[in-house]
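A.B. asks: sequence-free structure coming up:
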């Protein structure tokens, strides 16, 4: 076989290396035993339980529709098709969504090594993105939708949207609305297109967004009800919030992502030095979406994570693609070597167990009825778990999806009954002082339990209940059973 015959297969080899790398990354991470400890657990558990949220949580009456109906339908279908448990569903969620968000860009790029380069930049300079994409939550599908939308609308030099953009955008928005529920957030690319100076394209995108949002909400079977509930849910997240510590950490302001800013500045400088300045490097929808996500992230970091970061990846990939096409011939051996180097960097950057990010939860202690030490300490049928944080709900519901009890706090404090939310907010205001839970104690019945974290290691200061040290820094309290029954002390440390 002569050299020309070998060179003919080099472009194919580049694609094989890129795709293989993106497949191996989530498989390696799952091989550590990694499971996310938040919403992915409750989505899987709900699919296994076969229950509605009102049968799982003590809910307000104005949230009758599942906020992520499409995702729950997909997981329930997998559960029924394969008769698999919650853990298998979480693994499917983590691997499937990671593959989706990392693979979608390959449909739009001529040089897959440019996407590997963008992912490597993110892994090195924004390492939190590696765990962000492995959370197994439906927002990752919206990230993938945003990436596709940005590619569709990235070439609008004549302010005339292409036919593919007009056809696929409503379908992409509809899928996000049905699966994730945050249909209203996908209006942000319209603002990015407008800021880039393309008002006709911005108007066209806005119409596509409206059509897709209504189609996605219609798939729920409650188009108007789901639209209204989604907006109410968005504002309910911030209900009765006074200080940041009452928010979930993902709603805190970002730190401005200084390393990402440096990467963008370096790429702009590289473009200026190597091929001359082109204002379209910044006056385009992708850059504007990145900048918009960064600015809004200064108020709430999820804007940066969910909107700025995907745009950052797309913009970096397009910039690198231009450089690679100038310097790496399509069928050169050097191109394959560069791709192999980038692939190795992406694999190590994403899969290395940096700061225990993939193994820190392997020692998590779950509360299950088959633990003899918990005999009599888990709720009885019809009982309620008065939990102080969402982790208790995520982990306990995940291990006990069909258990005959409900939770006072689930996956969103905005869904709580107002009187229960007021107790939670008071405890958060007082830095977790357990005496704030006295109103809950007064409502408890013999079948109910209180499960709270106590980092000081001693019995929680609620003598109205008797307590059992159930897991690391986790206490279960119940109404006293007998006069001679003593408190169970914390284990010696």
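C.D. replies: Good, I have the coordinates. Here the structure is a predicted model, which means the values were calculated and not measured.

A.B. asks: Looking at the helix or strand containing residue 207 now, give me its mean pLDDT.
C.D. replies: Secondary structure assignment for residue 207, by DSSP states H and E: helix 199-218. Averaging pLDDT along helix 199-218 gives 94.

A.B. asks: And the contacts of whichever helix or strand comes after that helix?
C.D. replies: Per DSSP H and E, helix 199-218 leads on to helix 223-236 as the next helix or strand towards the C-terminus. For helix 223-236, the external contacting residues (CB atoms under 8 Å, 6 or more residues apart in numbering) are 62-65, 67, 69, 181-184, 213-214, 217, 220, 412, 414-415. Glycine gets a C-beta too; all of them are placed from N, C-alpha and C.

A.B. asks: Report the buried members of those residues.
C.D. replies: The neighbour count (16 or more other CB atoms under 10 Å) marks 63, 65, 67, 69, 181-183, 213-214, 217, 220, 412, 414-415 as buried among the contacts of helix 223-236.

A.B. asks: from the residues you listed, which single one is nearest residue 98?
C.D. replies: Using CB to CB, residue 182 comes nearest to residue 98 of the buried ones among the contacts of helix 223-236, at 19.3 Å.

A.B. asks: contacting residues around that closest one?
C.D. replies: Residues in contact with residue 182 (CB under 8 Å, 6+ apart) are 139, 142, 176, 230, 234.

A.B. asks: Wait, residue 346 touches residue 24, no?
C.D. replies: No. With contact defined as CB atoms under 8 Å, residue 346 does not count as touching residue 24 (9.6 Å).

A.B. asks: quick one: which of the two has more around it?
C.D. replies: residue 346 (27 against 16; other CB atoms under 10 Å).

A.B. asks: what about that one, which SS state?
C.D. replies: Secondary structure, DSSP: H, G, I helix; E, B strand; the rest coil: residue 346 is helix.

A.B. asks: Likewise for residue 362?
C.D. replies: When the rule is three-state DSSP, residue 362 gets the label coil.

A.B. asks: repeat for residue 129
C.D. replies: Here residue 129 is recorded as helix under three-state DSSP.

A.B. asks: How many residues are close by the residue nearest to it when sequence neighbours are not counted?
C.D. replies: Leaving out its chain neighbours, the residue that sits closest to residue 129 by CB to CB, 6 or more residues apart in numbering is residue 122, at 4.7 Å. Counted with other CB under 10 Å, residues neighbouring residue 122 total 26.

A.B. asks: doesn't residue 312 make contact with residue 122?
C.D. replies: Yes. Counting by CB under 8 Å, residue 312 is a contact partner of residue 122 at 7.1 Å.

A.B. asks: what's the overlap in contacts for these two?
C.D. replies: Both residue 122 and residue 312 lack any common contact, where contact means CB under 8 Å, 6+ apart.

A.B. asks: Check what pLDDT residue 230 gets.
C.D. replies: At residue 230, pLDDT is 78.

A.B. asks: got it, and residue 248?
C.D. replies: pLDDT for residue 248: 70.

A.B. asks: Now that residue 45 has come up, it's in contact with residue 86, right?
C.D. replies: Yes. Using CB under 8 Å, residue 45 is in contact with residue 86, at 5.0 Å.

A.B. asks: These two: which has the busier surroundings?
C.D. replies: Higher neighbour count among residue 45 and residue 86: residue 45, with 28 against 25, using other CB under 10 Å.

A.B. asks: The nearest residue to residue 212 once chain neighbours are set aside sits in which helix or strand?
C.D. replies: In space, and not counting its chain neighbours, residue 212 is closest to residue 173: 2.7 Å by CB to CB, 6+ apart. Taking DSSP H and E as the definition, residue 173 sits inside helix 163-179.
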